[in-house]
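**Student:** Below: sequence and its predicted model.
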Amino acid sequence: MPVELPQHAPHPWLETRDDRLLIAGRTIAEVAAEVGRTPFYAYDRRVMAQKVEQTRRALPQRIHLHYAMKANPLPAVVKHMVGLVDGLDVASVGEMQIALEAGADPATISFAGPGKTDAELARAAAAGITLNIESERELRVLARIGEETGRRPRVAIRVNPDFELKTSGMKMSGGPKQFGIDAERVPEVLRAIARAPVEFRGFHIFSGSQNLRADALIEAQRKTATLAIELARHAPAPVQLLNMGGGFGVPYFPGEQPLDLRPVGEALAPVVRELEQALPEAELVIELGRFLVAEAGLYVCRVIDRKISRGHVFLVTDGGLHHHLAASGNFGQIIRKNYPVVVADRVHGGERETASVVGPLCTPLDLLADRAELARAAEGDLIAVLQSGAYGRSASPLAFLGHPAPAEVLL
């Protein structure tokens, strides 16, 4: 049956059997035995496929769905996603290499991120992927590469619009930003592109991430389309690609509700029709990372000590912030809130208590759950942190204090 945690947002993708948490139809203890050690991350490929299918059903058919690899770059996950989505978006040459080795078509890969080095730009240009240029310097470097190699690098402009994605967890546009080229500068850059030995592809307009409000996403998508149509008037060639960003969020904390995709898709339909008229050759892309993989993953650690300090219970585990920085509250949270956490074989039942789940690190920041309502746990019990399929292992300081890194498995 679906997991229902009344103090937290719903988790429709996870199941229990006999009050034991399941992933891919198996208990956490069974998975732990197969992995052979804790801590570990486990990801359910079935959930990823269902999230992609759910998203496709809700959005207009003309929309191409891309996976933003920075959410989870595990090679096995990327290879699985290549078979589900229409393209990949990478944020480094390292991610680009994983994408290519996973079998992704270079023509469907784009590369965004400020501060690309000359060597990174050269490698990406040689691979034939689309480079989202984020500064005039990047254009100059790519023009030189085109002159020296006789091969025209494929470029799109990452635009920093004068609007933001309201209520987003991380705002990536509006005001001064290290990301992209300010919208008012784009016409001049387009004129420079017309003179450069590069292939103009289009625009990348990414306003923000982790948004649970349909109205905010709808507003940003409408403004993105209007801006793209205006900028296209200055383009040296027809727009072939319009990456409209993403920003679709998932619920983590008490009181949060899942994003309702229905109104987003309904409002996007007339926007797509307008873009089809204005930019008839453009491939329209929605770029999603967290939304497709977060709910497919768990982080599992084992209780190694149960301590009571002045009446407060601490479950000391072999995991912690060095493995899961986001769950510790040190990855963008302003006010710390608990991720959904459960004792893996007593999700709902058993004697309950209030306890803090901490790791083995010598810092008070090493906190996976603060005063959470859990089943009473003992040494050897497995603790599962839900919603852990995105920005987990790869977004954490794995070398901190020299503890071993966690395992990862795709089920």
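**Tutor:** Sure thing, it's come through. For clarity, every value in this text was computed on a predicted model and none was experimentally measured.
**Student:** the helices in the stretch 51-200 of the chain, which residues?
**Tutor:** Counting by DSSP state H, counting those that start in this stretch, the segments of the stretch 51-200 of the chain that form helices are 75-82, 93-101, 118-127, 136-149, 186-195.
**Student:** so which of these gets nearest Pro406?
**Tutor:** helix 75-82 (14.7 Å; C-beta to C-beta). No exception for glycine: its C-beta is placed from N, CA and C like everyone else's.
**Student:** tell me which residues of the closest one are tucked away?
**Tutor:** Buried residues in helix 75-82, counting neighbours by 16 or more other C-beta atoms under 10 Å, are found at Val77, Val78, Lys79, His80, Met81, Val82.
**Student:** And stretch 219-229, by the same measure?
**Tutor:** Neighbour-count burial for stretch 219-229 [16+ other C-beta under 10 Å]: Glu219, Ala220, Gln221, Lys223, Thr224, Ala225, Thr226, Leu227, Ala228, Ile229.
**Student:** can you give me the offset of stretch 97-113 from its chain's centre?
**Tutor:** Centroid separation for stretch 97-113 versus its chain: 16 Å, with C-alpha atoms, centre = their mean, to the nearest Å.
**Student:** any chance of the helices of the stretch 51-200 of the chain in TSV, plus mean pLDDT and distance to Arg346?
**Tutor:** Formatted as TSV, those follow (pLDDT from 0 to 100; distance: least, C-beta to C-beta, whole Å):
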stretch	mean pLDDT	distance to Arg346
helix 75-82	98	29
helix 93-101	98	38
helix 118-127	98	48
helix 136-149	97	53
helix 186-195	96	56
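**Student:** want to throw those into CSV with distance to Asn338?
**Tutor:** Formatted as CSV, the helices of the stretch 51-200 of the chain follow (distance: least, C-beta to C-beta, whole Å):
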stretch, distance to Asn338
helix 75-82, 25
helix 93-101, 30
helix 118-127, 38
helix 136-149, 41
helix 186-195, 42
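**Student:** so which of those comes closest to Arg262?
**Tutor:** Nearest to Arg262, of those and by C-beta to C-beta, is helix 75-82 at 23.9 Å.
**Student:** pLDDT weak spots in the stretch 101-250 of the chain?
**Tutor:** Residues of the stretch 101-250 of the chain meeting the criterion pLDDT under 70: 164-179.
**Student:** Please repeat the previous calculation with a cut-off of 80.
**Tutor:** Under the criterion pLDDT under 80, the flagged ranges of the stretch 101-250 of the chain are 163-180, 207-209.
**Student:** returning to what we had before: Gly208: which of the buried residues of stretch 219-229 is nearest?
**Tutor:** Ala220 (7.4 Å).
**Student:** In which helix or strand does that closest one reside?
**Tutor:** Under the criterion of DSSP states H and E, Ala220 resides in helix 214-232.
**Student:** C-alpha coordinates for that helix, CSV please?
**Tutor:** The C-alpha coordinates for helix 214-232 follow below in CSV (Å, rounded to 0.1, in the frame of the first residue of the first chain):
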residue,chain,number,x,y,z
ALA,A,214,1.4,25.8,-10.9
ASP,A,215,0.6,29.5,-11.3
ALA,A,216,4.2,30.6,-10.9
LEU,A,217,5.3,28.1,-13.5
ILE,A,218,2.6,29.1,-15.9
GLU,A,219,3.6,32.8,-15.5
ALA,A,220,7.2,32.1,-16.1
GLN,A,221,6.5,29.9,-19.2
ARG,A,222,4.4,32.7,-20.7
LYS,A,223,7.1,35.3,-20.1
THR,A,224,9.7,32.9,-21.5
ALA,A,225,7.8,32.5,-24.7
THR,A,226,7.3,36.2,-25.1
LEU,A,227,11.0,36.9,-24.6
ALA,A,228,12.1,34.2,-26.9
ILE,A,229,9.9,35.5,-29.7
GLU,A,230,11.2,39.0,-29.2
LEU,A,231,14.8,37.9,-29.2
ALA,A,232,14.3,35.7,-32.3
